[in-house]
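1. When you get a sec, could you give me coordinates for this:
(chains A, B, C and D)
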Number of protein chains: 2
Amino acid sequence: MAAKTDDSGPVLPAAIESAWGLRERPPKGPRPGMSVPAIVDAAVRVADADGLAAVSMSRVAKELGAATMALYRYVGSKDELLMLMVDTGYGPSPGPPAPEDDWRAGLTRWAWAEHEVLRQRSWLLHVPISGPPITPQQLGWMEDGLRCLDGTTLGEGEKMSVLLLITGYVRNEATLTSQIAEGSRAAGVEPSEMMPAYGRLVARLIDPARFPALHRVLNAGVLYQDDDPDDEFVFGLDRILDGVEALIRRRAG
Amino acid sequence: MAAKTDDSGPVLPAAIESAWGLRERPPKGPRPGMSVPAIVDAAVRVADADGLAAVSMSRVAKELGAATMALYRYVGSKDELLMLMVDTGYGPSPGPPAPEDDWRAGLTRWAWAEHEVLRQRSWLLHVPISGPPITPQQLGWMEDGLRCLDGTTLGEGEKMSVLLLITGYVRNEATLTSQIAEGSRAAGVEPSEMMPAYGRLVARLIDPARFPALHRVLNAGVLYQDDDPDDEFVFGLDRILDGVEALIRRRAG
DNA sequence: TAGTTCTGCGTATGGTCTACGCATAACAGC
DNA sequence: GCTGTTATGCGTAGACCATACGCAGAACTA
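-> Numbering: from 1, shown residues only, chains lettered A, B, ... in the order given. Below is the predicted model:
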């Protein structure tokens, strides 16, 4: 119906376009000595080893034996590099759900896959995400999530909302867990001692008259025990999936 | 039972201790020309006006007509200042739930209160939170949330998990919303045009054979319409609360 | 009045990202 | 083969940033 208006969209950063396989190299000029994937891999290596804070342009360049400014021939800015790091950091999506899985089993597997990635690469949580997903792998994750809901009665918009809900939960849970780990490393405390220490600290600070409910939680010893983070994770995930199940039943019934 | 081991906890930053009203000023030396609250207020003012990225020690000092290094007599580091900014940025908690509210109404109000704060001060989302809450106001929010669940059959640990679940959801939703707003400002696009532009972009990038489910979502026009962010918010919140309700019924029955 | 202790803050160090420009390498066309 | 064009590699330099350190002087105690 409409005329071609394909250039109307927001301008995609150059490196992202080449991640989608668009944009070929012009035949002139000296052959490039590096490649965008090599740079991104090096940056991911640095982040894996020393955290996201260690990822500076000069550090990445050193990793490659190149000069700092050489990188700017390949990526437009550090933010662009970060975007690409997220793409390869997540890696390929877990794949579509198994045929015998219902939506709940599929989404559970989907959530665990992201959980696992974030457990292993907690620096992904520190990357300031600056917009909706546009890189190939990220949309791949989305696709796989959507397929889990294929057989359900939900509307397309509702499917999207459910995925947003779950991925947000996974990220949030991973953030809390990694904060405890990082905090314990910074304070030189055993990770298993972190929550108990926090409980004692809060107990020292609060006035039971002003914070009765919190005081009750402390008395129950909730904060003192170092419970399995995985239990915490499945608790929240099951709550959310229960909520989704209620919606699906309502739509179906 | 146990002997006094109150010094065993992790060392609290000096400025946080004085936020709790501990630690009094030594009587010697010249009278301080500033105060921690004044510094934090100035920093919050800068963040409100120009975003968190604009908050540098020199900028805050300029705001106060003071020298940069003068601030370090009051806060130990920039991270400490950020921690205090979060405390006053959130402001006082919404207060305990009204007596006539059931848990669901109470938590809904609680979630909306945080939602509102984050809508108004989106820079709070950019502060790298570095541990569990320890400032007075933050524990105040926690207290109010816990009180909403007072009459329920949930265990103390479960109450805590539910609050974590909700606050995580609120933060996540606010993050997405503010990203759209910031992205549209950066790209010079009308905020209402942001999602449609994103939809067109994704449509241009993906191969329908490789991304069938995503393609179906696009065809349904889900991404093109600029729907009310509040609708999206209540959708997810209702899903979560449905899940909590299912748990409460199970515990009760 | 002397001593102590704390404040304000100037200076300096080492880190960040990146704009700009130059020398050079590789190709296209004649 | 020569020349013009275009891309690359990268050195220099600028504009920021947090903050360690040390000194002058103010305000209190004795």
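2. which stretches of chain A have low pLDDT?
-> When the per-residue scores of chain A are filtered using pLDDT under 70, the ranges that remain are A:1-11.
3. Residue numbers of it in contact with DNA strand C?
-> Applying the criterion CB under 7 Å from any atom of the strand, the portion of chain A that neighbours DNA strand C consists of A:27-31, A:55-59, A:68-69, A:72, A:77-79. In short, each C-beta sits where N, CA and C put it, glycine included.
4. Out of those, list just those in helices.
-> Here DSSP state H is the test, and the residues of chain A next to DNA strand C give A:57, A:58, A:59, A:78, A:79 as lying in helices.
5. burial count for the closest residue to the last one other than its chain neighbours?
-> What it means is residue A:79. Spatial nearest neighbour of residue A:79, chain neighbours left out: residue A:130 (6.7 Å); criterion: CB to CB, 6 or more residues apart in numbering or on different chains. Number of residues near residue A:130 (other CB atoms under 10 Å in any protein chain shown) recorded here: 12.
6. Among the ones in helices among the residues of chain A next to DNA strand C, which one has the most neighbours?
-> Note: the member of those with the most neighbours is residue A:57, at 18 neighbours, neighbours being other CB under 10 Å.
7. any idea how far residue A:74 is from that one?
-> Between residue A:57 and residue A:74 the distance, using CB to CB, to the nearest Å, works out to 11 Å.
8. does whichever residue of the stretch 151-253 of chain A sits closest to DNA strand D sit in a helix or strand, and which one?
-> Here the stretch 151-253 of chain A gets closest to DNA strand D at one residue, residue A:186, 13.0 Å apart by CB to the nearest atom of the strand. Using DSSP states H and E, residue A:186 sits in helix A:156-187.
9. Toward the C-terminus, what is the element adjacent to that helix?
-> Toward the C-terminus, helix A:156-187 is succeeded by helix A:191-205 as the next helix or strand (DSSP H and E).
10. got the angle between that next one and helix A:156-187?
-> Regarding helix A:191-205 and helix A:156-187, their directions subtend 90 degrees when assessed with axes from the mean of the first three to the mean of the last three CA atoms, to 10 degrees.
11. helices or strands next to helix A:191-205 in the packing?
-> For helix A:191-205, the contact count by 3 or more CB pairs under 8 Å, 6 or more residues apart in numbering or on different chains; DSSP states H and E identifies helix A:156-187, helix A:212-219 as packing neighbours.
12. Just the buried residues of it, please?
-> Judged by neighbour count using 16 or more other CB atoms under 10 Å in any protein chain shown, the buried positions of helix A:191-205 are A:194, A:195, A:196, A:197, A:198, A:199, A:200, A:201, A:202, A:203, A:205.
13. just stretch A:220-231 next, same as before
-> Buried positions in stretch A:220-231, judged by neighbour count with 16+ other CB under 10 Å: A:222, A:223, A:229.
14. and the stretch 51-200 of chain A, which residues reach chain B?
-> Counting by CB under 8 Å from any CB of the partner chain, the stretch 51-200 of chain A comes close to chain B at A:126, A:128-132, A:134, A:139-140, A:142-143, A:146-147, A:150, A:155-162, A:164-165, A:168-169, A:171-173, A:175-176, A:179-180, A:182-183, A:187, A:189, A:197-198, A:200.
15. repeat that with 6 Å
-> Proximity of the stretch 51-200 of chain A to chain B is confined to A:131-132, A:143, A:146-147, A:156-157, A:160-161, A:165, A:168, A:172, A:179, A:183, A:187, A:197-198, A:200 under the rule CB under 6 Å from any CB of the partner chain.
16. Quick one: buried ones out of those?
-> Buried subset of these (neighbour count, 16+ other CB under 10 Å): A:131-132, A:143, A:146-147, A:156-157, A:160-161, A:165, A:168, A:172, A:179, A:183, A:197-198, A:200.
17. if we can go back for a sec, of all the helices and strands packed on helix A:191-205, which lies closest to residue A:108?
-> Each of the helices and strands packed on helix A:191-205 has some distance to residue A:108 by CB to CB; the shortest is helix A:156-187, at 9.4 Å.
18. Now do that closest one against helix B:212-219, angle only.
-> 120 degrees.
19. which other helices and strands contact helix A:156-187?
-> Packed against helix A:156-187, as judged by 3 or more CB pairs under 6 Å, 6 or more residues apart in numbering or on different chains; DSSP states H and E, are the following elements: helix A:103-120, helix A:191-205, helix A:229-252, helix B:156-187.
20. Okay, angle between it and helix A:229-252 too, please.
-> Angle of helix A:156-187 versus helix A:229-252, following the same axes, to 10 degrees, is 170 degrees.
21. From the chain's centroid, how far away is helix A:156-187?
-> A distance of 7 Å separates the centroid of the chain from that of helix A:156-187, by CA atoms, centre = their mean, to the nearest Å.
22. Which other helices and strands does whichever strand or helix holds residue A:146 contact?
-> When secondary structure is defined by DSSP H and E, residue A:146 falls within helix A:136-148. For helix A:136-148, the contact count by 3+ CB pairs under 6 Å, 6+ apart identifies helix A:103-120, helix B:212-219 as packing neighbours.
23. same thing but at 10 Å, please
-> Other elements packing on helix A:136-148 under the criterion 3 or more CB pairs under 10 Å, 6 or more residues apart in numbering or on different chains; DSSP states H and E are helix A:14-19, helix A:78-90, helix A:103-120, helix A:156-187, helix B:191-205, helix B:212-219.
24. Quick check: chain neighbours aside, which residue is closest to residue A:101?
-> Excluding the flanking residues, the one nearest residue A:101 by CB to CB, 6+ apart is residue A:109, at 7.1 Å.
25. I meant to write residue A:42 there.
-> The shortest distance from residue A:42 to any residue that is not its chain neighbour, by CB to CB, 6+ apart, is 4.3 Å, and that residue is residue A:63.
26. contacting residues around the residue in the stretch 1-150 of chain A positioned nearest to chain B?
-> When distances are taken as CB to the nearest CB, the stretch 1-150 of chain A reaches nearest to chain B at residue A:146, 3.6 Å away. By CB atoms under 10 Å, 6 or more residues apart in numbering or on different chains, residue A:146 lies in contact with A:96, A:110, A:156, A:159-160, A:162-163, B:211-217.
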